[in-house]
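Chemist: sequence-free structure coming up:
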């Protein structure tokens, strides 16, 4: 019984240390998004947002939160290579008709994070041709 208790305590301590190390590599962006959009499986209204990105090993977890608290989504992404990996901060959306889907987050560190397509985006893409919309951040 003591061995199980000790093992559980060690596992808890390791997870706390690992979580602390992950949050040390976080990045926060601010964006004024002038249209409603989908991130993950959530539709978020237009407004001022903060996007916090936390590296989680193979991927990155992003908390997209409207500043006034009227919308929030949690999405994951993977790093992709880009032809133009300049150190810029921007958000890239895929637009199908009047629907916008957050597709990429450029943190300004020269790396591009690509979000996974939701079922709603896959369905929209089957129905019509999309365009890419980039929103530069300052």
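Modeler: Yep, that arrived. A quick note: this is a predicted structure, and the numbers were derived from the prediction, not measured.
Chemist: ok, residues contacting stretch 89-105?
Modeler: 29, 31, 33, 35-39, 51, 53, 62, 64, 75, 77, 80, 106-108, 112-115, 117-118, 120-121, 124-125, 127-138 (C-beta atoms under 8 Å, 6 or more residues apart in numbering). (C-beta placed from N, C-alpha, C; glycine too.)
Chemist: Buried ones from these, can you make that a PyMOL selection?
Modeler: Buried subset of these, written as a PyMOL selection, criterion 16 or more other C-beta atoms under 10 Å:
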select buried, resi 29+31+33+37+38+39+51+53+62+64+75+77+106+107+112+113+114+115+118+120+121+124+130+135+137
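Chemist: Any idea how many residues pack against the residue nearest to residue 129 when sequence neighbours are not counted?
Modeler: Spatially, and ignoring its direct neighbours in sequence, residue 129 is nearest to residue 96 (7.9 Å; C-beta to C-beta, 6 or more residues apart in numbering). Neighbour count of residue 96, defined by other C-beta atoms under 10 Å: 18.
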